[in-house]
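Q: My questions concern the predicted model and sequence given below.
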Amino acid sequence: IAIATNSKSMKFVALVSGGKDSIYSISECLKQGHTLVCCAHLSPPPKVEETDSFLVQSVGSSALPILVEECLGVPLISRVTCGKTSNTSLVYDVVDASKELPETEEVEDLYLLLKAAKTKFPELTACCCGAILSNYQRVRVEHVCSRLNLTLLSPLWRVGTQRNLMRCMVEDGLGAVLIKVASPPSLNRKHLLKTLAQVQARLEECEGKYGCAICGEGGEYESLVLDCDIYQKRLVLDSTTVVEDEEDEDICSVKILTCHSEEKGVKIGALDDVYKTERSTLLSDRLSQMCGINNTIS
């Protein structure tokens, strides 16, 4: 399986949920010199707000057409997924997975999604994924990429501590807000629609107190990026409502009723030119520097 480092420039499709990890991964791939051609998204079935998926984030899915096509300014390829799997092991085998209920296998939905993207854009040679720590997610995306002869771009994969990664996201002005919380007492309803910057201190406190994963790798929360420096326009949530889990009222999410894109005060150029700026240091280098500083202090 081909996994890219800082090698030749490639044209890539980005797997997106609209959350901080998928969007931040795109920005990092752009800094590495790769070219974003389109985005791909697995959406829940009609009238279903969220699927119980181990693979992808589905909450906030209704905002993806505007987020991708108007804010990022690239085409969006979508496919409905059941959000279920018959194979939850760390090793994924398409033969085993298809023995039972192949129509309810989310990894095969992912395969068909990326296959459609590659058919529409044959110039694609790579796929960007926002995985940070999840072996379950990483193994399955690798599996699908290998079947489609796509190089996997995974710039956030175990690149540093979650605390330092979050600090980089906040420093870079990633305008993500929480649209689901599922980790009481660390986070609750009052933290919905708060920005990463607003909840950063709380997350760092809860990391030590409750073992909370700062980047949400334990399912503590989900996010949606409303604005960042690779957006051509910002995303505005016009109308929302809070949906509580039927079995646990401490688990709740934001249902987006209406949203739109809005011109930004400072016009950003083409995506390819975004990172021809002073902030061109790769994330891996920045985190290595931060780790060295932390070790010196300690």
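A: All right, it came through fine. Numbers count the residues shown, from 1 in each chain.
Q: Can you show me the strands along the protein?
A: 11-15, 35-43, 76-80, 126-128, 151-153, 175-181, 221-227, 233-244, 252-263 (DSSP state E).
Q: Minimum distance to residue 70: which of those strands has it?
A: For the strands of the chain, proximity to residue 70 was assessed by Cβ to Cβ; strand 252-263 is nearest, at 3.9 Å. Where you see a C-beta, it was placed from the backbone N, CA and C, and this is true even at glycine.
Q: got the angle for the closest one vs strand 233-244?
A: Compare the direction of strand 252-263 with that of strand 233-244 by axes from the mean of the first three to the mean of the last three Cα atoms, to 10 degrees and you get 160 degrees.
Q: mind starting the numbering at 19 from now?
A: All right, first residue 19 from here; so that's strand 270-281.
Q: show me where pLDDT drops low in the stretch 19-168 of the chain?
A: Low-confidence segments of the stretch 19-168 of the chain, defined by pLDDT under 70: 19-25, 104, 106-108, 111-122.
Q: which residues of it fall in helices?
A: In the stretch 19-168 of the chain, the helices defined using DSSP state H, counting those that start in this stretch lie at 38-49, 82-84, 112-115, 124-138, 153-165.
Q: contacting residues around the closest residue in space to residue 256 that isn't next to it in sequence?
A: Leaving aside its sequence neighbours, residue 256 sits nearest to residue 276 (Cβ to Cβ, 6 or more residues apart in numbering; 4.3 Å). By Cβ atoms under 8 Å, 6 or more residues apart in numbering, residue 276 lies in contact with 255-257.
Q: quick one on the thing from earlier: pick the most buried one from the helices of the stretch 19-168 of the chain.
A: When those are scored by mean count of other Cβ atoms under 10 Å, the highest mean neighbour count falls to helix 38-49 (a mean of 24).
Q: Give me the residues contacting it.
A: 30, 32-34, 54, 90, 146-150, 171-174, 187, 190, 192, 194, 214, 233, 241, 243, 246-248, 289-290, 292-293, 298, 300-301.
Q: returning to that earlier point: format the strands of the chain as a markdown table; extra columns: distance to residue 72.
A: Formatted as a markdown table, those follow (distance: least, Cβ to Cβ, whole Å):
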| stretch | distance to residue 72 |
| --- | --- |
| strand 29-33 | 15 |
| strand 53-61 | 12 |
| strand 94-98 | 17 |
| strand 144-146 | 19 |
| strand 169-171 | 18 |
| strand 193-199 | 15 |
| strand 239-245 | 13 |
| strand 251-262 | 21 |
| strand 270-281 | 17 |
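Q: Among the helices of the stretch 19-168 of the chain, which comes closest to residue 267?
A: Distance to residue 267, taken as Cβ to Cβ, is lowest for helix 38-49 among those, at 25.3 Å.
Q: roughly how far out does the closest one sit from the chain middle?
A: Centre-to-centre, helix 38-49 and its host chain are 8 Å apart (Cα atoms, centre = their mean, to the nearest Å).
Q: looking at the helices of the stretch 19-168 of the chain, which is closest to residue 224?
A: Ranked by Cβ to Cβ, the member of those that lies closest to residue 224 is helix 38-49, at 17.3 Å.
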